Structure formats: structure tokens, C-alpha cells
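In: my questions concern the predicted model and sequence given below.
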4 protein chains.
Amino acid sequence: MMTTNPTPQTAVFGASGYAGAELARLLLRHPKLQGRAPIFFGREDAGESVALAALHPQLADNNGTGSLRVEPFRWAALRERNVNVVFLATPHEQSRAWVPSLLSHGVRVIDLSGAWRLQQAENRAVYKFEDADAALAASIQQRAVYGMPELHRSALPHAQIVANPGCYATTVILGLAPLLRAGWADLERGIVCDAKSGVSGAGKAPSAKTHFMYAADNLSAYSVFGHRHTGELLEQLNVQPQQIIFAPHLLPIPRGILATLYVQLRAPKQAAEIAECFRSFYADSPMVRLHGESLPQIQHVAHTNFCDIGFALARDGQRLIVVSCLDNLLKGAAGQAVQNMNLLFGWQEHEGLL
Amino acid sequence: MMTTNPTPQTAVFGASGYAGAELARLLLRHPKLQGRAPIFFGREDAGESVALAALHPQLADNNGTGSLRVEPFRWAALRERNVNVVFLATPHEQSRAWVPSLLSHGVRVIDLSGAWRLQQAENRAVYKFEDADAALAASIQQRAVYGMPELHRSALPHAQIVANPGCYATTVILGLAPLLRAGWADLERGIVCDAKSGVSGAGKAPSAKTHFMYAADNLSAYSVFGHRHTGELLEQLNVQPQQIIFAPHLLPIPRGILATLYVQLRAPKQAAEIAECFRSFYADSPMVRLHGESLPQIQHVAHTNFCDIGFALARDGQRLIVVSCLDNLLKGAAGQAVQNMNLLFGWQEHEGLL
Amino acid sequence: MMTTNPTPQTAVFGASGYAGAELARLLLRHPKLQGRAPIFFGREDAGESVALAALHPQLADNNGTGSLRVEPFRWAALRERNVNVVFLATPHEQSRAWVPSLLSHGVRVIDLSGAWRLQQAENRAVYKFEDADAALAASIQQRAVYGMPELHRSALPHAQIVANPGCYATTVILGLAPLLRAGWADLERGIVCDAKSGVSGAGKAPSAKTHFMYAADNLSAYSVFGHRHTGELLEQLNVQPQQIIFAPHLLPIPRGILATLYVQLRAPKQAAEIAECFRSFYADSPMVRLHGESLPQIQHVAHTNFCDIGFALARDGQRLIVVSCLDNLLKGAAGQAVQNMNLLFGWQEHEGLL
Amino acid sequence: MMTTNPTPQTAVFGASGYAGAELARLLLRHPKLQGRAPIFFGREDAGESVALAALHPQLADNNGTGSLRVEPFRWAALRERNVNVVFLATPHEQSRAWVPSLLSHGVRVIDLSGAWRLQQAENRAVYKFEDADAALAASIQQRAVYGMPELHRSALPHAQIVANPGCYATTVILGLAPLLRAGWADLERGIVCDAKSGVSGAGKAPSAKTHFMYAADNLSAYSVFGHRHTGELLEQLNVQPQQIIFAPHLLPIPRGILATLYVQLRAPKQAAEIAECFRSFYADSPMVRLHGESLPQIQHVAHTNFCDIGFALARDGQRLIVVSCLDNLLKGAAGQAVQNMNLLFGWQEHEGLL
């Protein structure tokens, strides 16, 4: 495909939110997309177009970006304008409803919502999807690739539909996967995932909980035992619900997630063994930075696409704390979506992300 | 009045907002109101009562406050329960509509909204009041006392209706009044009032501008040349619109206002003269703290009812910067309302406010 | 003692820090101390006195507090001025060194540092105390009462030396004590204490980690497996080091601690049983507020002396999350010190704290 | 020069601060510098080299940047390694002392400090420079070009020494220059510049004023009438000291400056005339974004190299408020330095800055 037209045409639905703004910014400056700006689509047939810079003044410049507009969507536009890949930064209901048609139009889809991430019906239940064509949805679901390059690097180049992971899920899974794949964690004793996220994770809609007066100078836990990202942990880490606790907290910061992960090892290990376990697992992963026995912080991953991971091991060699952190709008959303796009088109995984 | 029942009965409308919470806190611990908790009224006849602690968990305790409730309002309750004074922490439309009836029920009113602050019709125009009985409203308006004890201390003890000042207006007026009353400011050259407020000043309703992601890590000017508090400056300072510029800004902090006031003096003065001008003006004002030539900061007035004032004078003795700051929910709202109540009942002005 | 002089004379060492400021504020407005302001002592013989309001401008007022000064300390002053109780808001080395002499002068001591909290030498080791008279220190240590009224209410009235608990320790111990005393926790599976504190907990000395640019928009874990408050958890909760993990984090807020506590129960329980366990344990504790199955937040305890506790129980009835939070400068330091003073003098435990 | 070696060699002194980190980031990803990373020099002969990523973990990656080091400086290294341009992110004393030698080594210098910005001795006095060779310093001073491309675009390509402007000065000058050059401002009535800056402007050294507890939830004015950037305003805007007031404030945010500029016009103007005045002045300036009659905010310039400018005009057509804002570490420091480098080498002014 790439031979006939070296520069793919991207399209973005849902550019008005926080992840949408980051996606626009990354795609506009992506080295492989120069000369072919993304098309920004609004809701189907919804009246007038609006300037992208009116939605996100930070994206305006003096020489052209200012002319980009969010256009009303027509299905015919996908073929007329030779769209190759569509990013959905839309609510999960809309992503679930639209993907079948999008795929039938021959475009590849990278969906940033939770619509296609979960293979098991019991995990999907929390979303209450109502599929118009259940058999078709099931078939698409089965083909959907969970868009975490560090775990599914080989499947992604061929994916038609990429389910971009949840921000919390990315943080926790990257922090635990090496240990769990190695079989080192004592699952019977339980894994505790205490996660903290900045407010952008709660979305742009004003609400009591996103009010400055609620979030500022505060910390609160929420959705403990019931957060929608829990299913992603279970499926990707292959653990049972009773083996893991996931408790999210709302931090008074704009962006960033830090997860403190408490693991008890089946047998005592040296710190060097832990470090090596992570190092070998992420040897080919340019977007994971390993800090060994020092603990990473949100300030160093904000505005980057990196996931930083470090750990501390108790003297007994068994009680282990892993700290994993990332920018929820980048590695936790738009940045990971671009990383997936890079794999779809055979580019370097970190292209446009450093 | 005080002889027959030494402890007045207070009532609060609009306890659900930020100023309402501070008002509840101050009244509940006010030394002169012990044994007679305020009555909290919700909207007229509006169904069930709700626990005050459900609205403001910080007000809950283990021994009684937790039992206070916000009750549906009935007009008859005012007399049945011998209410002496009503605090209105309600939108200005509601305050404008209700005050005539409240006064006719024999209660005194301290209104925290902008409904009764402005004597001149052209200044009131911005509120677009629609009075059911214009003559009655005009008569009440004329009797309303602007509730700034530092300027109207002698009129307040006899007031039936107190118009509690705006938060910005309090900050600016207290910073300028001594100089303007002394006739020292060169009004022809214009006074600049650059004011900055925390987010609680924008109210509790979630909106795009109170979203954490909008306010945090940001600063924005708004309503320049058109803020509703401007009329209070004009009337209380007795200046013309073209002689003063008032520009508010939204600060990424929960509470506090700081106004930087730029004044050019008609004749050069010594710093000691400026200091003395303020000192003599506020000699009897327990809630104003003067810092002389050092500049006050928000952190030292937050959670207090003080207005802190300091200044810097250029070497030419004519260009003067006054900095005035206070807590917008206390001296800028609920605290000043309690200060006014103290004057209504002949108590020490700072009773319950230190 | 109280019969001859109903108002005790208090003295404060170390009023320049954050806890010192809160202590000054609480003591100055304490109903039982009216008419007898605390004496504020600086370092021994250290030159000039300094105005308290110069250290803490927020404490200044227009009618007297402004005249309070921090005086150079002389040992003779303790008897000359009939000091009854001394608060030490000093570094632990100083508290450890001074307490023997203070006790020998007949004053009672409430020490806010870590100097006297730990009975077991191996837990104390982290402080590296060098006692001039080891036998005397050991004897005093044995008599020191851990100043958590909820656990040691009966011993406190008779204490000569009160070791005021650490802020993190207070948060965690109050959240766990009812369950551990009931024997419900499965200690073999381990308890995880993920705690988050505002920056005031790090003290007033400027450092790389208290720089605004380090703390703001950030979250970082620190001192995992090695924080000095860990020994308090072990001694007060009677658990072994390998049975508990305590990991503190630095929050980008001025004040407040929230601890998320992960406990696995030995046998399944109903939520109502958990609630009742806490309710009965804290039945006589006015400074603990129980939220049942809703989770408390920092914003509702900031600027109060309450510890708020709530919990969430997994459907299996065994995995339990307890959230405990408080204001680190009040219930975590100065407020709890005043609570202890109230018990020393036989006053209501919450006197001056609501 | 560029023909023989198309990629210049850059060197950076002072990479350890906030501006240094941004400079490193910008230079490392600059399209015209690919394949030739900057050399980072520490203090002369100062022992061991240190990894750049140890100073700024956010700059680390998995494939190379991590290997960059800050090397001890030797003068001979400048020629051995063919350094073309040196960025000085060093204290002004050091910049003043080193520039003569640097120039004599044939390198061009872009100095981010205040060492060479001021042509008039009375403005420079505030820095208290002690030049070893006064005549040489005077000669260099005269040749130094004030590095604001919007005002000195034609002189910059030939500059040997570029004095990169102060962050506050850039904000204020860009907001006022068009009006003052047009002769529209009534200087007799005075211009008020109320400026607010994030904490990174205060530098990385921990101090009482950069402590999180001082800056957070606070706002304070400082250095009014005496800030070191004032001289830049006077010289670049060609105004007299008594014609302008500049008052800086410390904002509780990491980065960004917003200046609210109050100007009285000599004659009434239409808003369209004001807009056109700015538009024509900045027609060739890619890093200035004009917002017309809407007011820009810090959130939209943070992490960009843009200066955003908007205005509000009173109904009288004479009282004008201009709001100008930028990121103090980018357009106010490192970004503008790179913009100047682009002009030195004849590249597009915004190369590597969008």
C-alpha cells in the first residue's frame, strides 16, 4: 500500500477533547505525514465547519495550521479523500457503533475509546454495549488488536482495528507484565495497584468532580473495585479478579499517571534480577525507560510519550514495589495511538514521538 | 430588641455554595450565637430536607452539627421561629425578588448578592433587574446600606437591609478609599486596578471556565471594562467611569483576591505621609491590617477575615502602587456579612472573626 | 493543680515552622487559655526577640496578637513564669536532648518530634540518638505516652511526657487499629499502606524537593521501605515488619494526608460488620469521623482536626480498602498536640479544636 | 560559512537550569542540527562529566540521548571541536566575564543572561558589573544586538554577540512596541505594566520564595519600581522612567508570563485601527500570534515559542488594555535563543520551534 502513495491520509474524529488536541499536534508535526495534514471530522452532517485553532488556540500558528478546520462528516468523504487510517477520539458508544462501517469502507481504525479493548464478555459488560449486529461485532472484536506495542508488537502491523489501551491500564500493565510473564509474582497473596491520575483523564466535560475547587488542594479515591480499566488488566496480565486490586485516585494536576504496584514474589530475588527481568522484556521498546532501583516521577514523563518504570525491593527480597508512570494524554492515549500508527505503516515505532 | 432575647435567631438561604459554607461555619461557632444554631433554608417548598453535612462534609462533626439540616422554606416559618436576621447567599435575581417580602415580615436582611448594592440606575443596569413593584424596590434600594463597615460603620447598626459588597469591590475600595477621600489622587491621569481572584469567586456551578484544566497552570483576564463590580467602585469611591480601569484575572488558586492599584498623586508625598493617611483612616477598623511599605500576599489573608494593605512609592513621590488583598469568601463575602451582623446587634465588630 | 491556677501557662519552642504556626493559632484562641497567651521561646540565649507576626503574618491582628514576641530562652524563665506545659515543635535531636532537663524543671512536655515515640531500640535506630545519660533517657522513654488519644486516652491524663505521633503514622494507625485489634486482618498476606502527603509535611527548609518546580504538577514516591514513621506503625499496631508495607508519596498540595490501606480479611465480612467495628472502636473519639462505605477526601479535613475514615469492601467480603485522611499540620501535628493538652488538664478532648 | 560545513556545532554552558533544559531539548531535535548534537560544558575544569539525563531525566531516551554528557570545559576545546556558536545559560556575572574570551576564540555567542542587554550605563548599574577590561567591554557592549527578532531582525544575522532578552521584557516590549512606535500612546499619562510570572522564572536554586508552601495558593508582588528588566523596557521602547510602571508578581504555576498593559491613547482610535497597528507591525513575525479583541491566556502559550497578544479598548476609544503572554522558558528564554540562532545562520526564523 505504501508504495503507491508514500504519505498516508489520516483522519481524526473527536478532535475537540484533550486527547484529540494532542493527536492533532502529533500528527501535524509527524515527519512521515508532512505535506498531508490530517482531516478533522466533526459529527455527521453537523452544520458548519469550525477552525481547529478555535477549539485549541495553542495549535494556532502564523503560517497555515490556523487554516485547518473541523469539517462535517460524510461517509463518502472517506473514499473521495483516500483516507487510509482513522483515529477515533470519540465516546465508546460512538466508536462501537461506527467501527463496522468504517472497516467496511476499507479504512484502518485506531480507536482511543474502550469500545474494542476487551475480548471477554464479562469484562465488557461494564460498558453495556448494544450492538446492532452482534455477530459482526463479535467478529470485529476478535480481530481487534490491543494496541500496546510492548505486548503486541508483532500483531499490530497487520491490524485493521487497533484498540488503543486505557491510560490507567497502560501504566499498570507495563509495570507488571515482565514480572507476571516470568511467573515471579505470588498471585495468591494478591497484587495491589494504587494509581493516581491528573484531571485531564476525567475528560473535558465540566462536572462537579472536574471543578477546580473539587480537584485543587485535594486527593480522592474513586471507582475502587469497579473501574472500567480493570478488565484490561485481567485480560492482558492473565490474572483473576480476586488476585488484583486496582484503586484509582484523582490528583490535583493537569496530566500524568503514576501507579504504585505492590507485588509479593514467589521466591526471593536480587534487585539485579528484577532489573534484568524488566530490561530483557523491554529491550526492543523505545518508549519504555527503566530506572532500576530509583523511582520515576510524573514530572519527567509529562509531555513525553515515555512510560518510566523503577522499583524498590525489600530486604527480604520478596516484597516488591514497582512504580510506573506516564503522561495519560500521550503514552496513555494520543501518543500510543501514533505509536500504533507507526507500526501499522512499518515506520520506526518512535517516529514523531521524541 | 436585644434585651428580651439576648441570642438572635439567624437564618441562611443558599447554604449550598462556597460563601454559604463559610457563613454556616462562622455562624455555628460565633460566640454570641451559642445555643441557637442558624436555620438553613432551601428553596421554597422544595421537597425533602437535606443534611448540611451532606452538602459540606467539612462541617460535619461527631457531636451535633451533623444533625443540622437544610429545610424547605415556608414564609410562615420566619415568624413561627422568631427569625431576627436573614442572610441571603442566593443569586441576585432571587435576592432582588425576595427582599421586599422578607422586610415586610420584620426580619433584617444581609444580602450577599449584588441585588441591592448600587444606588444609581446606570450602574444597576448590568444586572437587568425586573422589579415587580418598582416604587417599592426604589424605596428599599434607597434604605439599603452598603455593608462595608470601614466606610459605613455609623449607618449599619440601624440598617434593615444590608447590601454586602462584592469581593473585588471590597478589595479595591479598601485599598483606594483613604487616598481618594484625602483628595490625593490625580484622577485625571486615571487609576488602574489590576485584580486577581481565586476560582471560588466564580461560584460552584461547573462550567468551562471553572474546569480544573482551564484554571490550573493558567492565568486569564476577563470582563475587562465591564465587570459588574465596577459600579460599586464608582459609587463608593465617587469617581467617574473614565477615571478608573478595573481588570479582573482568574488565578489558579482556590481562594483569595489581590488587587494591584496604580495611582498617580496630585503632589509628591513622603512614604510616611501615605502610611499615616491609611493609618488614620483605618484607626477604628479591626479587620484591616496595614503593612506600610511592604506588600501583602494572599497566603496571609486566606482563611482570615482581614484585608491586608501595603504600598510602594516611586522615588518621584507621585507614582504609587497600593496592594490590597483578602479572602474572597470571608472579608469578600461571608466574613464581611458576619462583621455586618455584629454591627446590627451592637457587638464588637470582629466578634467571631479572629 | 488546676484548682490553684485555673489557667495553665503554656510555652512553645519552635514556633517558626508550619506546625508551630498552627500551634500558636490554636493556643491563642483556645477557650481555656484566654487571658494567658503562650510564651514563645526561641533558641537558648539567641539574641533579640522577634515579633511572632513577623514570622507568621497571618497571625497578626489589629488588637494585640501583634505584640506577641518570640523570646530568647533562659531555663530560669520556666519557673519564674510558672510554665505548666511545654510544646516542643523542634527537631528530634533537640527534643531528645532537652526533655530530661525540662522534666526536671517540673513542666509537662508535649513533644511534636519523633524523639520519644518509639519504645523499641531497633525502631529508634533510624534516628541515631546520642543520649548524654542513657539510663535517664531509657527511663524517660519508658514513661513517655504515645499521644494518640484514640488509643491511649486513659494514660494521657497522667503523662509527664507526651510523644505526639507522626503525621503519616496517625493517618495509618487510625485507619487500621480497629481491624487489627479485632484480629480480622490476615497479616500473613500483608497490609499495604499507600500514603500521600502535602508538601508542608516536608518542613519549611528550602530544598530541591520542596521547590515549587519539583512538587507542582508532580507526584513522587519516596522513602519506601524506610520511612521513619514505620516504627510507629509496628509498635502501635503490633505487627511485624514483613507484615506491612508503607510507601509515602509527595502530593502537589500544601496540606493534607490521605492513606489508602489495603487489607485482606481472615474471613469474609459484611460491610455492616466493618462499619460497626470502626463505630464501636471510635465511639468516644470526637476527632474521628466515620464515612462508612463512602471514601473521604483531603479537602474535607484540611484546616480541621478530624481524621476521616471510610472503606470499600470487595464482593468477596475479604479484600478491603480503608481510606484514612487528615490535615498533617492539625490532627497530624499541632491539633493532636492540643488534643493531648486537653487530656492532660482534664478538659473536653475537642476543646478549642472545632 | 554555511557552505563548507552545513551543520554548525553548538555548545551550551549552564545546561543544569530550567532554561538550559529547554535549550538542550530544542537543540537536540532541531532539524538543521541533526547528526551534530550540542556540546554541553560545565564549569571550567570542574572534575568529572555528568550525564545530561541525570540532570534532566525527562530528556533521557532509550536510543542515544542518554549517552550525552556535560563535560568539564577547556578553552582549547572550542577550536578542537570547531564550535560555531555558544549559548550561555549562565549567571550574568559569568556571562559578562567570559564573553570577551569567547569572542576572541571566534565563536558567536547567544547570551541568555542580562549581561549584555543594556546600552546605557545607568540602566546597567543594577547589575554592578566589574569589567576586567572596561574599554573592551564597552566595545563589545556596543556591538551586542538585543536578541528580539521582532525588533532587530535585520541586525541579527550579522551579530557576533546576541543579548537574549529578559522574559518579562519580551512580554512587555512585544505588547507595547507597535503602539509606541506609532506614537499613539500618551506617555505623559503613564503606562502601567502589571506582569505575572510562573515560578520557573525565579530559577532552580531553592529559596524561601521558591518553596512550594510560599508560592502555592498564593500571589505576591515583588521588585516593583526596581526590577532588573526595567532598563530593557526603557531602552527598547524609548520611554523615560517616569513614563512607565512595571510591577511583577509571582504566580503559583510552573511556567508562563502574562502582562496586562494599560495604555492611554493620545487620540481616540477604533478597535480595527489598533488591530491593524499590531498586524502590520508583526506581519513578518512567525512567533507572534495576534488575537485581536480577544484576550490571550497562559495555557495556550505554555510549551510553545509563541507570544500571544490581544487587547480591549474602552468605549471612549482611549483607554486601552493590551494582554501579552508567553512561555518564560521558551519565547522568554531558550526558544527565543534558538530563534536568534536561526537568524544567525540564515534559516527560517521558526525552524525547530513549532
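Out: Cool, got the structure.

In: in the stretch 51-200 of chain A, what residue lies closest to chain C?
Out: Among the residues of the stretch 51-200 of chain A, A:Asp194 lies closest to chain C, at 4.0 Å counting by Cβ to the nearest Cβ. Backbone N, C-alpha and C define where each C-beta goes, glycine included.

In: residues of the stretch 51-200 of chain A that sit close to chain B?
Out: A:199-200 (Cβ under 8 Å from any Cβ of the partner chain).

In: which parts of the stretch 51-200 of chain A sit against chain C?
Out: A:189-190, A:192, A:194, A:196.

In: among the residues you listed, which one has the most neighbours?
Out: Counting neighbours by other Cβ atoms under 10 Å in any protein chain shown, the top entry in those is A:Asp194, with 29 neighbours.

In: for it, which three-state class applies?
Out: For A:Asp194, the assignment made with DSSP: H, G, I helix; E, B strand; the rest coil gives strand.

In: so it sits right up against C:Asp194, yeah?
Out: Yes - shown here, A:Asp194 and C:Asp194 form a contact pair, counting by Cβ atoms under 8 Å, at 4.0 Å.

In: overlap in contacts of these two?
Out: Taking Cβ atoms under 8 Å, 6 or more residues apart in numbering or on different chains as the contact rule, A:Asp194 and C:Asp194 both touch A:260, A:262, C:260, C:262.

In: sticking with the third one, tell me its helix or strand.
Out: C:Thr260 belongs to strand C:257-264 when elements are defined using DSSP states H and E.

In: the inter-axis angle of that strand versus strand A:257-264?
Out: Interaxial angle of strand C:257-264 relative to strand A:257-264 (axes from the mean of the first three to the mean of the last three Cα atoms, to 10 degrees): 40 degrees.

In: and strand C:257-264, what does it pack against?
Out: The helices and strands touching strand C:257-264, judged by 3 or more Cβ pairs under 8 Å, 6 or more residues apart in numbering or on different chains; DSSP states H and E, are strand A:191-197, strand A:220-221, strand A:244-250, helix C:167-181, strand C:191-197, strand C:319-326.

In: can you list the residues that contact the helix or strand encompassing A:Ser139?
Out: Using DSSP H and E, A:Ser139 falls within helix A:134-143. The contact list for helix A:134-143 (Cβ under 8 Å, 6+ apart) reads A:96, A:99-100, A:103, A:116, A:119, A:129, A:131, A:159-161.

In: want to throw the helices and strands packed on strand C:257-264 into JSON lines with distance to C:Arg79?
Out: Below are the helices and strands packed on strand C:257-264 laid out as JSON lines (distance: least, Cβ to Cβ, whole Å):
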{"stretch": "strand A:191-197", "distance to C:Arg79": "52"}
{"stretch": "strand A:220-221", "distance to C:Arg79": "50"}
{"stretch": "strand A:244-250", "distance to C:Arg79": "51"}
{"stretch": "helix C:167-181", "distance to C:Arg79": "33"}
{"stretch": "strand C:191-197", "distance to C:Arg79": "39"}
{"stretch": "strand C:319-326", "distance to C:Arg79": "36"}
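
In: how is chain A divided into domains?
Out: Per automatic domain parsing, the structural domains of chain A span A:10-165+A:333-344, A:167-328.

In: pick the most deeply packed of the ones you listed.
Out: Of all the domains of chain A, domain A:167-328 carries the top mean neighbour count, a mean of 21, counting by mean count of other Cβ atoms under 10 Å in any protein chain shown.

In: end to end, how far does stretch A:203-220 reach?
Out: Length of stretch A:203-220, first residue to last, Cα to Cα, to the nearest Å: 17 Å.

In: let me fix that, I meant to ask about stretch A:235-250.
Out: End to end - Cα to Cα - stretch A:235-250 spans 25 Å.

In: just to check, A:Ala215 is in contact with B:Phe212?
Out: Yes - with contact defined as Cβ under 8 Å, A:Ala215 and B:Phe212 form a contacting pair (4.3 Å).

In: which residues touch A:Val301?
Out: By Cβ under 8 Å, 6+ apart, the contact set of A:Val301 is A:256, A:307-308, A:325-327, A:331, D:58.

In: chain B: which of the residues you listed is nearest?
Out: Nearest to chain B among the contacts of A:Val301, with distances taken as Cβ to the nearest Cβ, is A:Gly256, at 12.2 Å.

In: give me the distance between the closest one and A:Ala89.
Out: Going from A:Gly256 to A:Ala89 by Cβ to Cβ, to the nearest Å gives 19 Å.

In: cool, A:Gly42 as well?
Out: In terms of Cβ to Cβ, A:Gly42 sits 12 Å off from A:Ala89.

In: may I have stretch A:83-99 exported as CSV, CA atoms only?
Out: Output of stretch A:83-99 as CSV, limited to C-alpha atoms (Å, rounded to 0.1, in the frame of the first residue of the first chain):
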residue,chain,number,x,y,z
VAL,A,83,-8.4,8.2,3.9
ASN,A,84,-6.1,5.4,5.0
VAL,A,85,-6.4,5.4,8.7
VAL,A,86,-9.0,6.9,11.1
PHE,A,87,-8.3,7.9,14.7
LEU,A,88,-11.4,7.7,16.9
ALA,A,89,-11.2,10.0,19.9
THR,A,90,-14.9,9.6,20.5
PRO,A,91,-17.0,8.2,23.3
HIS,A,92,-17.0,4.4,23.4
GLU,A,93,-20.7,4.1,22.3
GLN,A,94,-19.9,6.0,19.1
SER,A,95,-16.7,4.0,18.5
ARG,A,96,-18.6,0.8,19.0
ALA,A,97,-21.3,1.9,16.6
TRP,A,98,-19.1,3.3,13.8
VAL,A,99,-16.2,0.9,13.5
